[in-house]
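Participant: Quick one: sequence and predicted model below, then my questions.
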Amino acid sequence: MVPVSWYIILSAIMFTLGALGVIVRRNAIVVFMCIELMLNGVNIAFVALSHVAGNINGQVAVFFVMVVAAAEAAIGLAVIITVFRSVQSIETQNVGELKG
């Protein structure tokens, strides 16, 4: 049996890598993927701590996070495609050109 601390460490590593990716990277698609990585890191922590607590509340929270992530993926990709059509770039620093 794998100790719960390993899951928490994995969750922290995934969240940290996602946060660093959001801060460092300039490509909108990579930033988008890093946000998804952060959400998955939090989901692992929710499930692990729910298992330790012996209730299902964390797993229910994960279900709602996954629903929100799916909606965010659809809307986020639509926004990225719209920005690309306007600016012809997916670099985050070029989005400032959309200002009126």
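Facilitator: Alright, I've got the coordinates. Numbering: from 1, shown residues only.
Participant: pLDDT weak spots in the chain?
Facilitator: Applying pLDDT under 70 to the chain picks out residues 97-100.
Participant: mind listing the strands in it by residue range?
Facilitator: Taking DSSP state E as the test, none of the chain falls into strands.
Participant: didn't Val95 look like it was pressed against Val87?
Facilitator: Yes. Counting by Cβ atoms under 8 Å, Val95 does reach Val87; the two are 6.9 Å apart. Quick note: C-beta positions are derived from backbone N, CA and C, even for glycine.
Participant: so how far is the longest helix along the chain off the chain centroid?
Facilitator: With secondary structure taken from DSSP state H, the chain has its longest helix at helix 57-87. In this view, helix 57-87 has its centroid 9 Å away from the chain centroid, taken as Cα atoms, centre = their mean, to the nearest Å.
Participant: mind listing what's buried in it?
Facilitator: Judged by neighbour count (16 or more other Cβ atoms under 10 Å), helix 57-87 contains these buried residues: 58, 61-62, 65, 69, 76, 80, 83.
Participant: quick one: contacts for Ile8?
Facilitator: By Cβ atoms under 8 Å, 6 or more residues apart in numbering, Ile8 lies in contact with 45, 48-49.
Participant: one more time with 10 Å
Facilitator: 44-45, 48-49, 52 (Cβ atoms under 10 Å, 6 or more residues apart in numbering).
Participant: Let me know the closest of these to Ser5.
Facilitator: Ala48 (8.9 Å; Cβ to Cβ).
Participant: Am I right that the closest one is in contact with Ala12?
Facilitator: No. Ala48 is not in contact with Ala12 according to Cβ atoms under 10 Å; the separation is 11.1 Å.
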